[in-house]
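S.K.: Sequence unavailable; structure follows:
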């Protein structure tokens, strides 16, 4: 199932993508209107959506809606650094002994088709194509062999980074959290449809140039190990997003530098999920 947050006729709610249509859960009493509420409702909401799909009712053509980030404001948005050996090699840094996480503030999140802003304060704007997973069950102290049970599904993340601001602090938070620097989407593919999340092809294009190409099986710490590690420290809740790291090919390590420029388009494709596309523009003057 491909779960989406979408707007139709000025109303935003949750639905599912079937072929070229949105299955709208608007009139179903067991389908909440927000993704956080939907995920929190657990199996009951998923079953209600499946029944809505099977009914053939509530179809809206996909080209008549606006898709948003599937989780527009996650409670927690965490990313892991240095999780692919080839990326570690291109950075010249040591292989980490433990998973190294940072926080992206939830106000950075945008959806498919929305513009990434090159900020006024820096031209060192970079991309990072990543698999992300979304927590579906409130949990703590989850063993590795049970971790798959708490994942609602998988989506695509672009961990946009302002490199000079990123390295002003060891936590990376400011450089990872500029407004518009958290594209997610286009949907959440439920875990039952993905199978093994550690054998997915990942590609990142900037315009027509392939910059990154890897397989998620190359991650040092896999999705389940991340959950086990994080849940020793904190409660994970439905709608929390964890981005699983980027492979080699980031702009900062290209010669010459391959930073994002206004007018370019970032396109990330992950096997079994889809494609996340975002244009790049200069930060507008009229932001409030």
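M.R.: Now that the structure is in, tell me what you want to look at. Just so it is clear, the structure is predicted and the values come from calculations on it, not from any experiment. Residues are numbered from 1 along each chain as shown.
S.K.: For the stretch 51-200 of the chain, give me the ranges with low pLDDT.
M.R.: Along the stretch 51-200 of the chain, no part satisfies pLDDT under 70.
S.K.: Please enumerate the helices of it.
M.R.: 85-91, 163-166, 173-176, 191-194 (DSSP state H, counting those that start in this stretch).
S.K.: number of nearby residues for the nearest residue to residue 172 once chain neighbours are set aside?
M.R.: Distances taken as C-beta to C-beta, 6 or more residues apart in numbering place residue 102 nearest to residue 172, at 4.2 Å, with adjacent residues excluded. For every residue, glycine as well, the C-beta is placed using N, CA and C. For residue 102, the tally of surrounding residues (other C-beta atoms under 10 Å) stands at 20.
S.K.: now the one 3 residues further on
M.R.: Using other C-beta under 10 Å, residue 105 has 15 neighbouring residues.
S.K.: And residue 252, by the same measure?
M.R.: Neighbours of residue 252 (other C-beta under 10 Å): 19.
S.K.: contacting residues for the spatially most central residue of the chain?
M.R.: When C-alpha atoms, centre = their mean is applied to the chain, the residue found nearest the centroid is residue 157 (3.1 Å). Contact analysis of residue 157 by C-beta atoms under 8 Å, 6 or more residues apart in numbering lists 79, 129, 130, 131, 132, 182, 183, 184, 241, 243, 268, 276.
S.K.: Tell me how far the nearest residue to residue 186 once chain neighbours are set aside lies from residue 166.
M.R.: Leaving aside its chain neighbours, residue 186 sits nearest to residue 112 (4.1 Å; criterion: C-beta to C-beta, 6+ apart). Residue 112 sits 24 Å away from residue 166, going by C-beta to C-beta, to the nearest Å.
S.K.: now do residue 2
M.R.: 32 Å.
S.K.: rewinding a little: winner for burial among the helices of the stretch 51-200 of the chain?
M.R.: Of these, the one with the most neighbours on average (mean count of other C-beta atoms under 10 Å) is helix 173-176, at a mean of 19.
S.K.: Closest one of the contacts of residue 157 to residue 287?
M.R.: Of all those, residue 287 sits closest to residue 182, with 16.2 Å by C-beta to C-beta.
S.K.: and of the helices of the stretch 51-200 of the chain, who's closest to residue 53?
M.R.: helix 191-194 (12.7 Å).
S.K.: just checking, what packs against whichever helix or strand comes after that closest one?
M.R.: Reading on from helix 191-194 to the C-terminus, the next helix or strand found by DSSP states H and E is strand 201-206. Where contact means 3 or more C-beta pairs under 8 Å, 6 or more residues apart in numbering; DSSP states H and E, strand 201-206 is packed against strand 129-135, strand 209-215, strand 265-270.
S.K.: ok so, going back, quick check: the residue nearest to residue 186 touching residue 183?
M.R.: Yes - Residue 112 is within contact range of residue 183, at 7.3 Å (criterion: C-beta atoms under 8 Å).
S.K.: Can you pick out the residue with more neighbours from these two?
M.R.: residue 183 (27 against 21).
S.K.: Distance-wise, check that one relative to residue 64.
M.R.: Counting by C-beta to C-beta, the gap from residue 183 to residue 64 is 22 Å.
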